[in-house]
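Enquirer: Have a look; sequence and predicted model below, questions after that.
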Amino acid sequence: MAEVPKPGSIVHIEFPVKDTDRAKKFYGDLFGWKFQDVPEMNYTLFETANPPGGGLFVPQEGQFDPKGALNYILVEDVDAKSKEIEAAGGEIIVPKAEVPGQGWFAVFKDPEGTTLALWKSTPQQEE
């Protein structure tokens, strides 16, 4: 049985891509990753040999566009952790938003300029 991630664990990784099909072929052929398209979100989930898995997305104009992989850190409360980040010198660059039926996230930069994200699953996703 897989261990349940604890707060502070990296639980999801996203890659911004220009061509989802090309990225799926690249990572699938080289590393054996499995993919599941989520058309209603214009998103593709990927599963690696071991957790965490993640997703591929094509940034849309006006949407947050990270420069490289975006790691999601599990937290118990996105709002509270966002306040702690700001108090510690970080900057919230995408405020708390919902992924319907899945959970909530926020994107931040640490004081060194590294971009990361917070993640809190909905209760039914934690089971």
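Expert: Arrived safely, thanks for sending.

Enquirer: Go through the strand ranked longest in the chain and flag the buried ones.
Expert: In the chain, with assignment by DSSP state E, the single longest strand is strand 91-99. Buried residues in strand 91-99, counted by 16 or more other Cβ atoms under 10 Å: 92, 96. Placement of C-beta: from N, CA and C, glycine included.

Enquirer: in its sheet, what does the next helix or strand after that strand sit against?
Expert: For strand 91-99, the following helix or strand on the C-terminal side (DSSP states H and E) is strand 103-109. Applying DSSP bridges, strand 103-109 is found paired with strand 91-99 (antiparallel), strand 115-121 (antiparallel).

Enquirer: Redo those as a markdown table? Include distance to residue 107.
Expert: A markdown table is the format used below for the strands paired with strand 103-109 (distance: least, Cβ to Cβ, whole Å):
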| stretch | distance to residue 107 |
| --- | --- |
| strand 91-99 | 4 |
| strand 115-121 | 5 |
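
Enquirer: for these, which one sits closest to residue 7?
Expert: strand 115-121 (9.1 Å; Cβ to Cβ).

Enquirer: Now do the closest one: everything it contacts.
Expert: With Cβ atoms under 8 Å, 6 or more residues apart in numbering as the test, strand 115-121 has contacts from 11-12, 14, 66-67, 70-78, 81-82, 93-94, 102-110.

Enquirer: please redo it, this time with the cut-off set to 6 Å
Expert: 11, 66, 70-75, 78, 81, 103-107, 109 (Cβ atoms under 6 Å, 6 or more residues apart in numbering).

Enquirer: Which ChimeraX command selects the buried ones in those residues?
Expert: Of the contacts of strand 115-121, the buried ones go into a single ChimeraX selection, burial set by 16+ other Cβ under 10 Å:
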select :11,66,70,71,72,73,74,75,78,81,103,104,105,106,107
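
Enquirer: that older thread, just the residues contacting the longest strand of the chain, thanks.
Expert: Residues contacting strand 91-99 (Cβ under 6 Å, 6+ apart): 64, 78, 82, 104, 106-109.

Enquirer: Check the offset of the helix ranked longest in the chain from the chain's centre.
Expert: In the chain, taking DSSP state H as the definition, the longest helix is helix 20-31. Offset of helix 20-31 from its chain centre (Cα atoms, centre = their mean, to the nearest Å): 19 Å.
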